[in-house]
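Peer 1: using only what follows, build the 3D model:
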Amino acid sequence: MCTAALDDLPDALQEKVSVLDLEVNRSGPTFTIDTINQLRMIYPKDAFTLILGSDAASKLDQWYRADALQKIVEILVVKRPGQAKSAFTEVEISALDISATQVREAISKGGDLTPMLSPSVRTYIKENGLYGSK
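Peer 2: Next comes the predicted model:
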């Protein structure tokens, strides 16, 4: 789905983004700190920023090895409209106030996803039967 979302970006921006399948190919539970550590081995000279939505950032303290994770990445929160300020660096963007939960609910009720998702992401969800779509 990530590569489908990239299709909607300008070409100049697409050239700066890589989509890797590290987590898909890992067996067992997938933890963010393990992914970051793997990325640090692949890209040893790079620093990493973990970009989270407000809802995920509010529960970061519950993540596996959250303290260790915060020591090896910068946390950047994309602030959802109407959400309280987090303890991390935040960026506000012009975006719809829509969560993944709302998308799943709309799909389960046969609702219209047009105002929620880009055309390529809607197609990908439908073609791959994600979230129970048909």
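Peer 1: could you give the mean pLDDT of the lengthiest helix in the chain?
Peer 2: Secondary structure of the chain per DSSP state H: the longest helix is helix 32-42. The average pLDDT for helix 32-42 rounds to 96.
Peer 1: low-confidence stretches in the chain?
Peer 2: Scanning the chain for pLDDT under 70 picks out 1-6, 95-97, 133-134.
Peer 1: now do 90
Peer 2: 1-30, 53-56, 78-85, 92-134 (pLDDT under 90).
Peer 1: which strands and helices sit next to the longest helix of the chain?
Peer 2: helix 22-25, helix 66-72 (3 or more Cβ pairs under 8 Å, 6 or more residues apart in numbering; DSSP states H and E). For glycine as for every other residue, the C-beta is placed from the backbone atoms N, C-alpha and C.
Peer 1: so which of those helices gets nearest residue 125?
Peer 2: Among the helices and strands packed on helix 32-42, helix 22-25 comes nearest to residue 125, with 17.0 Å by Cβ to Cβ.
Peer 1: brilliant, that's me finished.
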